[in-house]
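# Structure for this input, please:
(chains A and B)
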Number of protein chains: 2
Amino acid sequence: MTGSIDINGARLLQRLEEFAAIGATKAGGVNRQALSVEDRQARSLLAELAVARGFRVYQDPVANLFIRRDGMRDDRPPFLIGSHLDSQPTGGRFDGALGTLAAFEVLESLQDRAIVTNGPVEVVAWTNEEGSRFTPGVMGSMAFSLGHVLDAWQNIQDAKGTRLQDAIADTLAALPEAEFRALGTPIAGYLELHIEQAPTLERDGIPVGIVTGVQGTRWLEIRVTGQAAHAGTTPLVYRRDPVVAVTTTLSALYASIMPNDPEARFTVGRMSVDPGSVNAIPGSLSLTIDLRHPDIQRLDAIEALIITLFQSACDTNGCTLETRRTFDVAPAIFDETIIQESENAARRLGLPFRHMISGAFHDALYISRVAPTAMIFVPCRDGLSHNEAEYVEPEHSISGARVLFETVRGLL
Amino acid sequence: MTGSIDINGARLLQRLEEFAAIGATKAGGVNRQALSVEDRQARSLLAELAVARGFRVYQDPVANLFIRRDGMRDDRPPFLIGSHLDSQPTGGRFDGALGTLAAFEVLESLQDRAIVTNGPVEVVAWTNEEGSRFTPGVMGSMAFSLGHVLDAWQNIQDAKGTRLQDAIADTLAALPEAEFRALGTPIAGYLELHIEQAPTLERDGIPVGIVTGVQGTRWLEIRVTGQAAHAGTTPLVYRRDPVVAVTTTLSALYASIMPNDPEARFTVGRMSVDPGSVNAIPGSLSLTIDLRHPDIQRLDAIEALIITLFQSACDTNGCTLETRRTFDVAPAIFDETIIQESENAARRLGLPFRHMISGAFHDALYISRVAPTAMIFVPCRDGLSHNEAEYVEPEHSISGARVLFETVRGLL
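Numbering: from 1, shown residues only, chains lettered A, B, ... in the order given. As a prediction, this is how the structure comes out:
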């Protein structure tokens, strides 16, 4: 079997250090926002390492970066492995970088051992996964899955007024050694290694998560309007208090949604009352709901429950309800074959694993719409991510890369 | 009996029109903020009318304005009737003005009929009841009840940087015809006519409210701190969500406090979550509570219940609780004799009345600490106040003034 052929773990750890130095923050994290000077430095370093190993480098119109190692049948579409190189403004060293550099380590290990794969294998670094400088995120993989850049992106600027399209053009120009390639070329599949960004693997002592899908996500904006009135002079019977309607409803929803459905995630992230005076019953209360579930029918059912309970509480409290769905991404179900091969890989390596659903967005979400896709998660300390203190044990980084390597070898 | 001797209702309505013209807003309200040019115009007009009737005019160090009509026994302390002349920036024509001008109508009617009271009667217009330009409000009556100006007021400025003490000095100087008087001179009692600022009298068709006290008020600032976390990746068991702790607690408090105690008022006026991101469990939630009750022991008991339930929900949800009492005014219980005389007056006039508790602050709150005090309420349309649309039916303004007149005659 293949278990005795391994990646170079020490090299991977060294690469992680090298890339963590690009945009390094004093607190030990990285600030390498999408299409920034630091992002370009990271792309250039990866391209330089690739060229040194004889791999070809490509960029597409949204500046997704590809590093290609040919296979026996070079006419076949490539199998993609990778993640992203951009970070949050106060991000960690591993979010995106681990998946990209582990994929590059797979490519190097294949090259070291002169392993001939059936089809080509490409490392990909998707553009602007984080969406912190230019909103929205997962932009590169979205454009790749659509096969074109969205018209709406024409007007996107960062906080300093830099236009997205100029930042993309400058990024493309900064890597003249890369060949240009159309968006959305056919691919055989995609496998992404990523940190879990939640504490469950770490707390249960499991080094490998085989990700079988991504939760669907809906964002709702809810506004409950009652009537502003004097806190002291207004008796209960005359109150039309939106805070009563909202807190009563949320209390019921918190008691019913998540306790009865372990796969559901129900979060109120924003709340604001108007006018917000200590001695006035507010006239209105606005809030946002982030609802996630891997099953689209359950998403529908829970959203309907939310609306029903809010409407009922508004009726009871003399309030009016406005709801708006501001974001809606259907769940992704990952590819059975890649999942199976990942399991086989973990078993061969003697690494405990479990199936899990990703609660966060990843580039794999969009790629799964157009090609067989899966993900592998490794634990991160305390589940911390989007945080300069983000940390992955060296053994877990290496385990993840080994599973990636074994899976690619099994598939190709 | 006295019922056949009446006030001059038409004159009162005309005075209300004259004073509504001072600081009149386009939307039909008034902007006559404390110690402003408009406030001084109103004071000057009242002083002018007073002098024309042969009454003496006084000011004290905080610019409380007094108009005196002597009684048979001029050595006795005066009985005060009145309210305030300042308004909110977009205030109504009746809040304060009705009580002040009805009191002046009482003085004029006594004069018209050459009625000799036992002791002196004085109309008072307290300085800065509203507190919208210079915070805090009920400043004139507070200083009167204390007998001195608070040291802390030295540093008070309005939004334009005008110092309170300069505005007071300029206001005093603008009325040179007024004699200067010390703060907190002894008084025999105080009776204030005011609009209800709530809809209960109007909706129940009752023209007169005999106010037996003012609710005590406590303001609490509550901060519940959990842990910010990713909305998608964080399962229920790892959540320390302050929104859950707060909404669960508030839902229970809304269900228990006011439904079980018709005299209690429980209002959450401000809520804010941090960081306030749609896809993040907030790290903390801050809110304010305005709690009112006429019984100080019930205030204590309800406040204890609030803290207990918040603490319990914080314990359940892995959150920490901080609470701070930012405002605490004890309830006022009004004087039995004045209340009884007001009832007799309403009965003699054939006006339906009911006893009620004031939920709002009034100058009478502070004066009740130092002298027998009561209030009379009249209905205002839809309970609207602090609003340019504030409106009182002419018959209700007149009824209020008649009860005031009858009560003063009964007492003196």
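
# going forward, measure contacts between C-alpha atoms and count neighbours the same way
OK.

# so where is the stretch 201-350 of chain A shaky, pLDDT-wise?
Regions of the stretch 201-350 of chain A meeting the criterion pLDDT under 70 are absent.

# Enumerate the residues of it near chain B.
Residues of the stretch 201-350 of chain A lying close to chain B (CA under 8 Å from any CA of the partner chain) are A:215, A:219, A:230-236, A:238, A:243-244, A:247-248, A:250-251, A:254, A:258-259, A:262, A:265-273, A:276-282, A:288-290, A:292.

# what's the spacing between A:Val124 and A:Ala332?
The gap separating A:Val124 from A:Ala332 is 20 Å, by CA to CA, to the nearest Å.

# ok, those two, which is more surrounded?
A:Val124 (29 against 24; other CA atoms under 10 Å in any protein chain shown).

# Can you show me the strands along the stretch 51-200 of chain A?
Ranges of strands in the stretch 51-200 of chain A, per DSSP state E, counting those that start in this stretch, are A:56-59, A:65-69, A:79-84, A:121-126, A:179-180, A:189-195.

# partner strands of the fifth one, parallel or antiparallel?
Strand A:179-180 pairs in its sheet with strand A:56-59 (parallel), by DSSP bridges.

# Can you tell me which of the residues of the stretch 201-350 of chain A next to chain B are classed as buried?
A:215, A:219, A:230-236, A:243-244, A:247-248, A:250-251, A:254, A:258, A:265-273, A:276-282, A:288-290, A:292 (16 or more other CA atoms under 10 Å in any protein chain shown).

# Narrow those residues to those in strands?
When DSSP state E defines the strands, the subset of these inside them is A:219, A:230, A:265-273, A:280-281, A:288-290, A:292.

# now the closest residue to A:Arg369 other than its chain neighbours: how far from A:Val62?
Spatial nearest neighbour of A:Arg369, chain neighbours left out: A:Ser145 (6.9 Å); criterion: CA to CA, 6 or more residues apart in numbering or on different chains. Per CA to CA, A:Ser145 is found 12 Å from A:Val62.

# Could you check which of these two has the larger neighbour count?
Looking at A:Ser145 and A:Val62 with other CA under 10 Å, you find the greater number of neighbours at A:Val62, namely 26 against 22.

# Tell me where chain A has helices.
Ranges of helices in chain A, per DSSP state H, are A:9-20, A:37-52, A:97-112, A:139-146, A:164-173, A:200-204, A:242-260, A:296-316, A:336-348, A:363-367, A:394-411.

# Nearest to B:Lys26, out of these?
Nearest of those to B:Lys26, taken as CA to CA: helix A:242-260 at 30.8 Å.

# which residues sit against that closest one?
Residues from elsewhere that reach helix A:242-260 (CA atoms under 8 Å, 6 or more residues apart in numbering or on different chains): A:224-227, A:264-266, A:282-285, A:302, A:306, A:309-310, A:313-314, A:316-317, A:319, B:236, B:244, B:247-248, B:250-251, B:254, B:268.

# Okay, angle between it and helix A:296-316 too, please.
Angle of helix A:242-260 versus helix A:296-316, following axes from the mean of the first three to the mean of the last three CA atoms, to 10 degrees, is 150 degrees.

# hang on, A:Gln157 packs against A:Ile168?
No. Between A:Gln157 and A:Ile168 there is no contact under CA atoms under 8 Å: 11.5 Å.

# okay, which residue is most central for chain A?
Note on chain A: the residue nearest the mean C-alpha position is A:His362, at 2.6 Å, using CA atoms, centre = their mean.

# Could you find the closest non-adjacent residue to that residue?
A:His362's closest residue in space is A:Val138 (CA to CA, 6+ apart), at 6.8 Å.

# and that neighbour, how many neighbours does it have?
Counted with other CA under 10 Å, residues neighbouring A:Val138 total 21.

# tell me the contacts of it?
A:Val138 makes contact with A:Trp126, A:Thr127, A:Asn128, A:Glu129, A:Glu130, A:Gly131, A:Phe361, A:His362, A:Asp363 under the criterion CA under 8 Å, 6+ apart.

# Which one of those residues is nearest to chain B?
Using CA to the nearest CA, A:Phe361 is the member of the contacts of A:Val138 that lies nearest chain B, at 8.3 Å.

# Bridge partners for the residue nearest to the closest one when sequence neighbours are not counted, pull those for me.
Excluding its sequence neighbours, the residue lying closest to A:Phe361 (CA to CA, 6+ apart) is A:Val214, at 7.2 Å. With DSSP bridges applied, A:Val214 shows beta-bridge pairing to A:Ala332, A:Ser358.
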